[in-house]
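S.K.: got a structure for you, letters missing:
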């Protein structure tokens, strides 16, 4: 190992890879960053990066300290009753955002996307690859690729009004009432008629 | 005039009042800032402040360089066909946000609200006084005070996804298609059944 200057697998190695990943995503964006480049930056073998994180997408989720893996949520929602997918999604997001610790990294990402063009671009690339393509192929409805951005718009807006601006009475509304009010919109975006012919 | 150290009415005076208003809003928030305090800060008579801006609410709109007066939009929407209010609102916001110059100050305000607790609080107070109370008294439907935050959540989220993250295909979707997709949700938030009993 000393010969190549490479780091062995071990407790500090995962953190070193994550630090390298954050630097690579910041420098090259989501699309531009590569497993090979991140491995080089962390002075480890690319196979070790894959051993820890399986894919670039999962490494991004870990590097950004997301409290959940968005693609797992997509799987869960797509595999359940399609007519209750909107409700499930809103319930899931409320459970994350009503937890102060869980929401911190998501809030940081929204703040960063609003302030920095590059962060917005990185988020765009990640959402496109991790969510839009997957949802679009899993939903057997017209205009499938438009649906994730529509769902995202309602969820991010809910987050802004309820948790950032804290506008009453929405900010203090019990989660069940938020679900009753918002889920039908999300359901329509997921499986309903979008009025686009 | 020289005796009281007060500024006369004139071309530079309006700007001086606006600068004083921005400082006062930043320091005391929307609720805490007063016409009297702003007049004092700008070294003018409070009557002159009212002459230029009519109300604190309008002064805020001018100080923040909003491209429109939100309360005028509310009047327009409330005075039209209630069943087309959602469509009108979305059309209006798209026309503002599709104009790069018009959207700049709104974008600055969103960025500021996401980054600074005090700015979020100021926005919350302004929306509550200028929009929520007015819409709630103009809409003759149950849960009237919850409706503006719900509408706001969908509009801000649309702005985030279409203009900030620029997620395709939503970012390039023609305005008419955005209206077709989003307006029914906004209409339901304004006048429809929110499922709250």
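M.R.: Structure received. Quick caveat: nothing in here was measured; it's all calculated off a predicted structure.
S.K.: For chain B, what's its nearest residue on chain A.
M.R.: residue A:157 (2.5 Å; CB to the nearest CB). The way it works is simple: take the backbone N, C-alpha and C, and place the C-beta from them, glycine included.
S.K.: ok, that residue to residue B:161 distance?
M.R.: 9 Å (CB to CB, to the nearest Å).
S.K.: How about residue A:64?
M.R.: In terms of CB to CB, residue A:64 sits 18 Å off from residue B:161.
S.K.: Contacts only, for the residue of chain A closest to chain B.
M.R.: B:152, B:153, B:154, B:155, B:156, B:157, B:158, B:160 (CB atoms under 8 Å, 6 or more residues apart in numbering or on different chains).
S.K.: between residue A:64 and residue B:161, which one's more packed in?
M.R.: Each of residue A:64 and residue B:161 has its neighbours counted (other CB atoms under 10 Å in any protein chain shown); residue B:161 has more, 25 against 19.
S.K.: State the helix or strand in which the nearest residue to that one once chain neighbours are set aside lies.
M.R.: Spatial nearest neighbour of residue B:161, excluding adjacent residues (CB to CB, 6 or more residues apart in numbering or on different chains): residue A:153 at 4.3 Å. Using DSSP states H and E, residue A:153 falls within helix A:147-159.
S.K.: contact partners of the next helix or strand after that helix?
M.R.: Following helix A:147-159 in sequence order, the next helix or strand is helix A:175-191 (DSSP H and E). Residues lying outside helix A:175-191 but in contact with it, judged by CB under 8 Å, 6+ apart, are A:82-87, A:89-91, A:94-95, A:98, A:139, A:141, A:147, A:150-151, A:154-155, A:158, A:162, A:170, A:173, A:194, B:146, B:150, B:153-154, B:181, B:184-185, B:188-189, B:194-196.
S.K.: mind running it again at 7 Å?
M.R.: Applying CB atoms under 7 Å, 6 or more residues apart in numbering or on different chains, the contact partners of helix A:175-191 are A:82, A:85-87, A:89-91, A:94, A:98, A:139, A:141, A:147, A:150-151, A:154, A:158, B:150, B:184-185, B:188, B:194-196.
S.K.: by how many degrees do that helix and helix B:147-159 diverge?
M.R.: Put simply, helix A:175-191 runs at 40 degrees to helix B:147-159, going by axes from the mean of the first three to the mean of the last three CA atoms, to 10 degrees.
S.K.: Contact partners for the residue nearest to residue B:161?
M.R.: Per CB under 7 Å, 6+ apart, neighbours of residue A:153: B:154, B:157, B:158, B:160, B:161.
S.K.: okay, those residues in TSV with pLDDT next?
M.R.: Formatted as TSV, the contacts of residue A:153 follow (pLDDT from 0 to 100):
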residue	pLDDT
B:154	96
B:157	95
B:158	96
B:160	92
B:161	93
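S.K.: pLDDT weak spots in chain A?
M.R.: A:1-5, A:7-11 (pLDDT under 70).
S.K.: And the helix holding residue A:153, what's buried?
M.R.: A:147-159 (16 or more other CB atoms under 10 Å in any protein chain shown).
S.K.: Which pair in those has the greatest spatial separation?
M.R.: In those, two members sit farther apart than any others by CB to CB. They are A:147 and A:159, at 18.7 Å.
S.K.: Quick check: residues of chain A near chain B?
M.R.: A:110-111, A:113-115, A:120, A:123-124, A:127-128, A:145-146, A:149-150, A:152-158, A:160-161, A:164-167, A:169-170, A:177, A:180-181, A:184-185, A:188, A:194-196 (CB under 7 Å from any CB of the partner chain).
S.K.: how near is residue A:118 to residue B:122?
M.R.: Noted for residue A:118: a distance of 28 Å to residue B:122, by CB to CB.
S.K.: Of these two, which one has the most company?
M.R.: More neighbours surround residue B:122 than the other of residue A:118 and residue B:122, with 25 against 14 (other CB under 10 Å).
S.K.: residues contacting that one?
M.R.: Applying CB under 7 Å, 6+ apart, the residues near residue B:122 are B:25, B:29, B:30.
S.K.: For the first one, list the residues it contacts.
M.R.: Read it as residue B:25. Contacts for residue B:25 (CB under 7 Å, 6+ apart) come out as B:33, B:60, B:63, B:122.
S.K.: out of these, who's nearest chain A?
M.R.: Of these, the one sitting nearest to chain A (CB to the nearest CB) turns out to be residue B:122, at 9.8 Å.
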